[in-house]
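Student: model the following, please.
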Amino acid sequence: MGLRAGRGKRRRRDIHAREEPVTLLTEHDIYLFREGTHGRLYSKLGCQVLEGGAGASFRVWAPNAARISVIGDWNGWGAVDDPLDARWDGSGIWEGVIPSAQRGQAYKYRITSGAGSHVAEKADPLAIFAETPPATASRVWSLEWDWRDAEWMAARAARNGLEAPMAIYELHAGSWRRKDGRFLNYRDLAHELADYVRDMGFTHVELMPIAEHPFYGSWGYQVTGYFAPTARYGTPQDLMYFVDHLHRQGIGVILDWVPSHFPSDAHGLGYFDGTHVYEHADVRQGFHPEWNSAIFNYGRNEVRSFLLSSALFWLDRYHIDGLRVDAVASMIYLDYARKEGEWIPNRFGGRENIDAIDFLRTLNQAVYRDHPDVAMIAEESTAWPMVSRPTYLGGLGFGMKWNMGWMHDTLDYMRQDPIYRRYHHGRLTFSLIYAFHENFVLPLSHDEVVYGKGSLVGKMPGDDWQKFANLRALYGYMWGHPGKKLLFMGGEFGQRREWTHEDELEWWVTALPEHAGVQRLLRDLNRVYRREPALHRIDFAAEGFEWLDADNAEASVIAFLRKSSAEDPPVLVVCNFTPMPRQNFLVGVPKRGIWREILNSDAREYGGAGWGNLGGVESVPVSTNGRIESINLTLPPLSTVMLRWEAHD
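Tutor: As a prediction, the model looks like this:
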């Protein structure tokens with residue numbers, strides 16, 4: 001039952017001398033592993049560097065293997081044999097100690113299947129570091145780091161809370177900025193990104209997947225190393241530096257995490273021991289036709305433990321502040337992207353993936369049990385109910401959910417020529433019918449600027465001035481609308497070309513006035529958003545929102561109030577989605593007083609025409625929109641204005 005140390009028969013079995021520094025795998029570990037609830041496999045399986053240069057221990061789950069050897073830099077990749085032993089308990093785990101293995105060396109598992117007819121060389125599923133792609137081996141490594149972000153960690157619950165302002169800057173690490181055409185190291189990226197994000201006023205960054213992935217063009221969504229940050233940008237310690245530095249600059253770090261599918265690369269998880277271990281064997285369950293990838297078998301408890309451990313690993317070891325869980329819809333529906341006859345119903349005859357649903361609930365329960373101050377965010381694109389509601393109420397247990405419906409409806413509306421927007425007014429107002437059914441994040445993400453969709457500014461109608469005015473109006477509306485905010489990189493300065501992972505953003509355009517204006521607007525939007533409690537404190541309840549004018553389709557105008565506690569002043573948001581300025585426009589308000597203009601997307605410093613309200617207006621006792629007080633506004637063309645209430649002196 002002990003770990004094996006030896007190269008074949010030439011090495012003495014000296015188990016007891018080496019077991020003390022080895023992380024023991026107990027019977028309780030095996031029980032949890034088989035139950036599907038082990039959340040710390042990364043400290044038990046994989047490669048563990050031993051103290052004092054005594055080599056490394058190796059453990060790998062391969063229940064149907066007949067033989068496993070570790071091959072690597074130290075033994076000529078199999079020139080000398082370093083076999084592992086199968087544990088006595090029938091867990092399917094193979095283990096051994098190899099004194100010759102040293103930190104930094106590359107290795108794989110050579111696995112012979114039970115029938116002996118299949119031999120594969122596999123990367124370590126629990127590896128914490130890997131070779132830089134296109135190389136595919138794992139590396140012997142350890143995760144020591146002197147964290148200096150105690151202040152952030154102590155205050156993080158408030159920063160990630162549902163009442164906190166959350167403006168997320170989504171980015172792809174390989175194409176945000178480059179140096180002489182090359183990727184930035186995690187450490188270099190940390191400094192440039194933190195400075196920029198602080199200046200722009202975003203509260204969090206969200207990294208598109210950085211777990212190791214062989215195909216750069218997958219943007220990280222085809223993962224082979226669920227515990228290893230990609231070596232393209234540096235070592236695990238470099239990533240720790242990145243997180244540590246951003247935390248010390250007051251910026252949260254969210255990771256995209258992909259438990260929905262994995263690629264079929266030969267060194268990866270697929271057909272791992274000559275059988276379908278991680279995935280279903282039946283292609284109707286185990287193959288994703290849309291992404292040409294394998295689907296995890298969520299009904300297998302050992303696979304659930306693997307995925308649960310991966311999620312907790314990033315939170316435990318890297319101080320990550322939240323996970324955005326990718327493609328939840330593809331997990332919970334058995335017929336996702338499949339035609340009739342291409343999927344297998346559940347045991348009740350339905351299309352719901354009961355095993356995946358149960359796993360997601362277990363995942364969220366475990367994460368919030370151990371890290372109640374992080375954010376679990378679902379990218380779920382259907383009307384599945386209670387995604388962001390507690391599991392004890394029947395929900396999936398996420399903290400928040402991307403509002404894909406708002407994104408699609410809003411962009412569809414904004415694409416319309418303003419002369420036709422009156423016929424599509426419902427697309428603007430429909431989101432408020434369901435806005436408080438979930439805890440929503442409003443996403444304008446990378447998905448909207450790829451695959452021929454063009455850039456955000458490119459979607460806007462009209463001439464160049466109107467395109468940028470429309471974009472500014474959209475951002476003002478978005479920052480006023482209930483829900484947390486997410487914007488993909490480049491959108492904050494109106495990048496003109498569609499995003500490509502092969503090059504950095506079009507930073508040069510920020511020297512042009514129209515782009516610089518959008519950038520200044522985003523900076524000010526974030527400042528106002530963070531400063532005004534009414535814009536963020538009650539994002540997920542109807543008490544934080546009040547329609548003042550929802551039905552003015554003819555003018556393509558909407559007006560609504562954002563509210564917080566009685567002590568905090570409300571903020572009025574008014575949008576004019578036509579290029580016609582509207583003077584003497586009455587809006588009914590619930591409070592008598594002065595309404596100060598705190599943001600105007602048509603201001604000249606943003607590239608606008610400069611229409612506005614001279615700093616604010618005073619209400620008058622004229623009944624409008626069912627309110628006994630009203631204010632007389634000038635609505636700039638293609639604009640959003642925000643006004644904060646002040647009491648009379």
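Student: for Arg324, which residues are in contact?
Tutor: Going by C-beta atoms under 8 Å, 6 or more residues apart in numbering, Arg324 touches 206, 254-257, 377-379, 402. Placement of C-beta: from N, CA and C, glycine included.
Student: what does Thr634 give?
Tutor: Thr634 touches 581-585, 611-613, counting by C-beta under 8 Å, 6+ apart.
Student: of those, buried ones?
Tutor: Neighbour counting over those (16 or more other C-beta atoms under 10 Å) leaves 581-582, 585, 611-613 as the buried ones.
Student: quick one: which of those sit in strands?
Tutor: Per DSSP state E, strands hold the following members of the buried ones among the contacts of Thr634: 582, 585.
Student: export the buried ones among the contacts of Thr634 to TSV and tack on pLDDT and distance to Gly217?
Tutor: Compiled in TSV, these are given as follows (pLDDT from 0 to 100; distance: C-beta to C-beta, whole Å):
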residue	pLDDT	distance to Gly217
Pro581	96	46
Arg582	96	47
Phe585	96	49
Trp611	96	45
Gly612	92	46
Asn613	94	49
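Student: from the buried ones among the contacts of Thr634, which single one is nearest Tyr318?
Tutor: Closest to Tyr318 out of the buried ones among the contacts of Thr634 is Gly612 (45.9 Å), distances taken as C-beta to C-beta.
Student: let me know the pLDDT of the closest residue to the closest one other than its chain neighbours.
Tutor: Counting by C-beta to C-beta, 6 or more residues apart in numbering, Asn600 is the residue found nearest to Gly612 once chain neighbours are left out, at 4.9 Å. On pLDDT, Asn600 comes in at 98.
Student: same question for Asp81.
Tutor: For Asp81, the model assigns a pLDDT of 89.
Student: before we move on, what about Gly341?
Tutor: pLDDT, read off for Gly341, is 89.
Student: quick one: it is in a strand?
Tutor: No: assigned with DSSP: H, G, I helix; E, B strand; the rest coil, Gly341 falls outside any strand and is coil.
Student: ok, how many other residues are close to it?
Tutor: If you count neighbours by other C-beta atoms under 10 Å, Gly341 ends up with 7.
Student: do the same with the one 10 residues further on
Tutor: Using other C-beta under 10 Å, Arg351 is surrounded by 14 other residues.
Student: circling back: show me which pair in the contacts of Thr634 is furthest apart.
Tutor: Largest separation among the contacts of Thr634 by C-beta to C-beta: Asn584 and Gly612, giving 14.0 Å.
Student: quick revisit: for the contacts of Thr634, could you give me JSON lines that also reports distance to Gly494?
Tutor: Formatted as JSON lines, these follow (distance: C-beta to C-beta, whole Å):
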{"residue": "Pro581", "distance to Gly494": "22"}
{"residue": "Arg582", "distance to Gly494": "25"}
{"residue": "Gln583", "distance to Gly494": "28"}
{"residue": "Asn584", "distance to Gly494": "31"}
{"residue": "Phe585", "distance to Gly494": "27"}
{"residue": "Trp611", "distance to Gly494": "20"}
{"residue": "Gly612", "distance to Gly494": "21"}
{"residue": "Asn613", "distance to Gly494": "25"}
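Student: TSV for the buried ones among the contacts of Thr634, including distance to Gly490?
Tutor: Output for the buried ones among the contacts of Thr634, formatted as TSV (distance: C-beta to C-beta, whole Å):
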residue	distance to Gly490
Pro581	30
Arg582	32
Phe585	34
Trp611	28
Gly612	28
Asn613	31
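Student: for the residue nearest to Gly612, give the beta-bridge partners.
Tutor: Asn600 forms beta bridges with Val641, as assigned by DSSP bridges.
Student: residues contacting it?
Tutor: Neighbouring residues of Asn600 by C-beta under 8 Å, 6+ apart: 608, 611-613, 636, 639-642.
Student: and for the residue nearest to Thr500 when sequence neighbours are not counted, the neighbour number?
Tutor: Take Thr500 and drop its neighbours on the chain: the residue closest to it by C-beta to C-beta, 6+ apart is Ser175, 7.0 Å away. Counted with other C-beta under 10 Å, residues neighbouring Ser175 total 20.
Student: which helix or which strand is home to Ser175?
Tutor: For Ser175, there is no helix or strand it lies in under DSSP states H and E.
Student: how about the contacts made by it?
Tutor: Counting by C-beta under 8 Å, 6+ apart, Ser175 touches 499-505.
Student: Ser564 and Ala541 touch, don't they?
Tutor: No: counting by C-beta atoms under 8 Å, Ser564 stays clear of Ala541, with 11.0 Å between them.
Student: quick one: which of these two has more around it?
Tutor: Neighbours per residue (other C-beta under 10 Å) separate Ser564 from Ala541, with Ser564 holding more: 19 against 13.
Student: and the more buried one, what pLDDT?
Tutor: Note on Ser564: pLDDT of 94.
Student: you'd agree it is in a strand?
Tutor: No: using three-state DSSP, the assignment for Ser564 is coil, not a strand.
Student: could I get the full set of strands for the stretch 151-300 of the chain?
Tutor: Here the stretch 151-300 of the chain has its strands, by DSSP state E, counting those that start in this stretch, at 167-171, 178-179, 182-183, 204-207, 211-212, 225-229, 252-257, 287-288, 293-294.
Student: which of those comes out lowest on mean pLDDT?
Tutor: Within these, confidence is poorest for strand 287-288, with a mean of 91 (mean pLDDT).
Student: for that strand, the distance to its chain's centre please.
Tutor: Per C-alpha atoms, centre = their mean, to the nearest Å, the displacement of strand 287-288 from the mean C-alpha position of its chain is 22 Å.
Student: residues making contact with that strand?
Tutor: Contacts of strand 287-288 (C-beta under 8 Å, 6+ apart): 260-261, 279, 293-295, 330, 337.
Student: cool, stretch 277-284 as well?
Tutor: Residues outside stretch 277-284 that contact it (C-beta under 8 Å, 6+ apart) are 61-64, 125, 262, 269-272, 275, 286-287, 294-297, 300, 303, 306, 338, 342-344.
Student: with stretch 371-390 instead?
Tutor: When contacts are defined by C-beta under 8 Å, 6+ apart, stretch 371-390 is touched by residues 156-157, 160, 166, 254, 312, 315, 320-329, 332-333, 363-364, 367-368, 393-402, 404, 437-441.
Student: okay, and the beta partners of the nearest residue to Asn403 once chain neighbours are set aside?
Tutor: Nearest non-adjacent residue to Asn403, counting by C-beta to C-beta, 6+ apart: Phe440, 3.9 Å away. Legend: beta-bridge partners of Phe440 under DSSP bridges are Lys401.
Student: alright, calling it a day.
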